[in-house]
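A.B. asks: fold the following.
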Amino acid sequence: MPLHRQVQILAGQGVNLDRATLALWVKRVAWWLTPLYDLQLRKIHGYPRIFCDETRAPVLEKGRKRVRIHQFWAHAVDDRPWNGPASPAVAYIFAKSRGHREIKSQLANYQGVVQVDAYSAYTALAKAGRSPGPIKLAFCMAHARRQFTDVYKKTQSAVARDAIERFAKIYAIEAEIRGTSAAYRCQVRQAKTVPLVSDLKVALEAALTEISSKSALAK
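C.D. replies: Okay, the predicted model is just below:
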């Protein structure tokens with residue numbers, strides 16, 4: 001809750017505090033928590049696979065009527081569904097930008113797999129000569145499926161519906177093997193999922209030849 005709002009609430013209870021006093025308290029708490037925060041982030045970056053995502057953080061600066069759009073970048077791990085080594089943890093990095101240079105600096109010392117959406121700032125990390133380290137990207141299938149869902153809601157496209165149904169079959173396989181060993185999951189995916197994904201690729205490439213290249217579905 002913004003400090004000025006807290007000051008108003010406290011004043012209504014007969015407690016009069018200057019906002020600068022609350023700001024000082026927050027600053028002191030942040031100082032005490034910084035070592036724990038740094039440890040948390042180092043711990044997360046010590047695992048072979050992490051998640052990264054960013055979200056808008058509107059900030060109203062003193063003397064400015066309009067907010068500036070900054071970002072909260074989340075770095076997270078959670079290997080519980082697949083019996084991996086990482087316990088659930090997340091650390092947030094506040095930044096004034098969501099550009100390539102920002103995420104490159106955040107992952108400057110990281111080596112491993114980064115699971116992300118298809119935002120270009122991430123894809124630039126894995127390009128030859130531009131990565132801060134040996135980073136491999138893993139894209140989230142939910143983001144791909146979401147695009148087809150949006151198209152289907154707007155247009156009732158048969159192609160989009162077919163893609164969604166194919167994704168559902170892949171999801172069903174994942175539900176069956178969740179929590180099993182990595183070796184078993186790999187075995188099942190090679191046997192059952194690979195054919196589904198291959199067929200999906202063929203179907204989508206065939207559809208591209210029959211629809212407008214400027215349509216949302218083609219994108």
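A.B. asks: how about the strands of the chain, start to end?
C.D. replies: Taking DSSP state E as the test, the strands found in the chain are 49-59, 68-77, 89-95, 112-116, 135-139.
A.B. asks: for the third one, buried residues please.
C.D. replies: By neighbour count, and taking 16 or more other CB atoms under 10 Å as the criterion, the buried residues in strand 89-95 are A91, Y92, I93, A95. C-beta here means a position set from N, CA and C on the backbone, and glycine is covered the same way.
A.B. asks: count the residues that sit near A160.
C.D. replies: Residues lying near A160 (other CB atoms under 10 Å) number 21.
A.B. asks: how far away is it from Y92?
C.D. replies: Separation of A160 from Y92 (CB to CB, to the nearest Å) stands at 34 Å.
A.B. asks: name the residue closest to the centre of the protein, please.
C.D. replies: D53 (2.7 Å; CA atoms, centre = their mean).
A.B. asks: ok, what's across the strand from that one?
C.D. replies: Counting by DSSP bridges, D53 is bridged to A74.
A.B. asks: now do I93
C.D. replies: Beta-bridge partners, per DSSP bridges, of I93: W73.
A.B. asks: pull the contacting residues for it.
C.D. replies: Applying CB atoms under 8 Å, 6 or more residues apart in numbering, we find I93 in contact with L41, F72, W73, A74, H75, Q106.
A.B. asks: in this structure, which spans are helices?
C.D. replies: Assigned by DSSP state H, the chain shows helices spanning 3-12, 19-45, 100-106, 120-123, 141-155, 158-177, 182-188, 194-208.
A.B. asks: among those, which is nearest G63?
C.D. replies: helix 3-12 (13.9 Å; CB to CB).
A.B. asks: now for the closest one, which elements pack on it?
C.D. replies: Using 3 or more CB pairs under 8 Å, 6 or more residues apart in numbering; DSSP states H and E, the elements in contact with helix 3-12 are helix 19-45.
A.B. asks: buried set for the helix it packs on?
C.D. replies: L22, Q40, L41, I44, H45.
A.B. asks: if you skip the residues just before and after it, what's nearest to the last one?
C.D. replies: Closest residue to H45 in three dimensions, ignoring its sequence neighbours and counting by CB to CB, 6 or more residues apart in numbering: Y110, at 5.0 Å.
A.B. asks: list the contacts of stretch 195-202.
C.D. replies: In this structure, residues lying in contact with stretch 195-202 by CB under 8 Å, 6+ apart are A163, R166, F167, K169, I170, I173.
A.B. asks: try 7 Å
C.D. replies: With CB atoms under 7 Å, 6 or more residues apart in numbering as the test, stretch 195-202 has contacts from A163, R166, K169, I170.
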